[in-house]
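In: just to be clear, the model below is a prediction. Sequence and coordinates:
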Amino acid sequence: MKKILLLSLLTSVAMVGASKADTLPAPVIAIVEQATLDKSAAFKSIIQQVEKKRAEVQKEMTTYENELKAQDKQLADEQKKLSEKDFATKRQEFEKRVHDVQEKLEIRRAQMELGVEEAKKKVYEAFLKSSEEVMKEVGANVIVYKETIVTANPAFDLTSKVLAKLDQTLPTVQVTYKSEADVKKQLQQSQQPAQS
């Protein structure tokens, strides 16, 4: 009796599994290059904005560097004229200024990284949406990255269609940089768990 019940149960499970498998559509696979993101107009607009920001930051840092070199030279010249105590005080002030400039540089770098990360996220979301729309237009139900395929018929490659849709949907992305205060706060928060 137990064998009959067990056999009956296994048959039921097999039939349910088979009926679920029968309801899945046949796969219609398309491929798209992962590099589509890098080729998009939106990504190129991000690069242009970052290069401009990088040039501004470099100019700012060059100004600080020149200022610090001049202060260091002046401090070296004054060392002979100042008392040991006065020199130590001025040296401390100089070192504080160097630390402030280094912190500012770290904040600028973080501002750029966070801004780029957010902008790239928008491009990726638009890429997914464009891929899905193109997939439906051509009647596919699965898209995989071309880089994961050993070989495929070029007719399955939707890269150019997805890129065109992505460029149409999102031609540019504005890179937004957080304020110094927000970035400083975020940096401090990220360092707290590491110190614990």
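Out: Nice, thanks for sending it over.

In: alpha carbons only for contacts and neighbour counts from here, please
Out: Will do.

In: next SSE downstream of the helix or strand of the chain with the lowest mean pLDDT?
Out: Between all helices and strands in the chain, the lowest mean by mean pLDDT, DSSP states H and E belongs to helix 2-23, at a mean of 49. Following helix 2-23 in sequence order, the next helix or strand is strand 29-32 (DSSP states H and E).

In: average pLDDT across the helix or strand just after that next one?
Out: Next along the chain after strand 29-32, taking DSSP H and E as the criterion, comes helix 36-39. Per-region confidence: helix 36-39 scores 92 on mean pLDDT.

In: just the buried residues of helix 36-39, please?
Out: 36-37 (16 or more other Cα atoms under 10 Å).

In: Glu33 reaches Lys161, doesn't it?
Out: No - judged on Cα atoms under 8 Å, Glu33 makes no contact with Lys161 at a distance of 11.1 Å.

In: how about Gln71, what does it touch?
Out: Phe94 (Cα atoms under 8 Å, 6 or more residues apart in numbering).

In: for it, give its distance to Lys104.
Out: From Gln71 across to Lys104, the span is 18 Å (Cα to Cα, to the nearest Å).

In: go on, Lys53?
Out: If you go by Cα to Cα, the gap between Lys53 and Lys104 works out to 15 Å.

In: neighbour count: Glu33 and Lys161, which is higher?
Out: A count of neighbours by other Cα atoms under 10 Å puts Glu33 above the other of Glu33 and Lys161, at 19 against 15.

In: now for the helix ranked longest in the chain, which elements pack on it?
Out: Across the chain, the longest stretch assigned as helix under DSSP state H is helix 84-138. Helices and strands touching helix 84-138, by 3 or more Cα pairs under 8 Å, 6 or more residues apart in numbering; DSSP states H and E, are helix 36-39, helix 41-79, strand 142-145, helix 159-169, helix 180-195.

In: as CSV, the ones you listed with distance to Glu117 would be great.
Out: Listed next are the helices and strands packed on helix 84-138 as CSV, based on distance: least, Cα to Cα, whole Å:
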stretch, distance to Glu117
helix 36-39, 13
helix 41-79, 10
strand 142-145, 22
helix 159-169, 18
helix 180-195, 14
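
In: so for Lys120, which of the ones you listed sits nearest?
Out: Closest approach to Lys120 among the helices and strands packed on helix 84-138 (Cα to Cα): helix 41-79, 7.0 Å.

In: how far does that closest one sit from the chain's center?
Out: 24 Å (Cα atoms, centre = their mean, to the nearest Å).
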